[in-house]
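Chemist: show me how the following folds:
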Amino acid sequence: DVQLQASGGGLVQAGESLRLSCAASGFTLGDRAVGWFRQAPRKEREGVSILTENDGRTYYADSVTGRFTISRDNAKNTVYLQMNGLKPEDTAVYYCAAGLNGVLVPDYWGQGTQVTVGT
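Modeler: The predicted structure is shown next:
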């Protein structure tokens, strides 16, 4: 089976932290750019963070810069999103994605994991 399995979401209070995981099976995640996206109720899906495959450059949305960190563990074929200082506006379903030619047109999407941040 070829899939991305996202996990780690949950309900937390403002200021707390969560770490999302996205485990790949059936393909090598390290060969691809990876990214995290999120979609809040009644809003469009937005990019949160990207990690390139070649040089490991990272990109973050302005709203999460300084609070979120993307990383990957190639041995575990997994990408992570460490989220610190969570805010209520971070509440959304978070999706991971992976692509040979970037994540704007990904080859694979994870199924989404819900993050809810209370006040």
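Chemist: for Gly9, which non-adjacent residue is closest in space?
Modeler: Leaving out its chain neighbours, the residue that sits closest to Gly9 by C-beta to C-beta, 6 or more residues apart in numbering is Thr113, at 3.5 Å. Where C-beta positions appear, they are placed from N, C-alpha and C, glycine not excepted.
Chemist: for that neighbour, give me its contacts.
Modeler: Taking C-beta atoms under 8 Å, 6 or more residues apart in numbering, we find Thr113 in contact with 6-9, 20, 93-94.
Chemist: same deal with Tyr60?
Modeler: 48-49, 68, 70.
Chemist: in ChimeraX, select just the buried ones from these.
Modeler: Under the burial definition 16 or more other C-beta atoms under 10 Å, those of the contacts of Tyr60 that qualify are selected in ChimeraX by:
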select :48,49,68,70
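Chemist: next, name the residue at the spatial heart of the protein.
Modeler: Trp36 (2.8 Å; C-alpha atoms, centre = their mean).
Chemist: what's the distance between the residue nearest to Gly9 and Leu11?
Modeler: According to C-beta to C-beta, to the nearest Å, Thr113 stands 12 Å off from Leu11.
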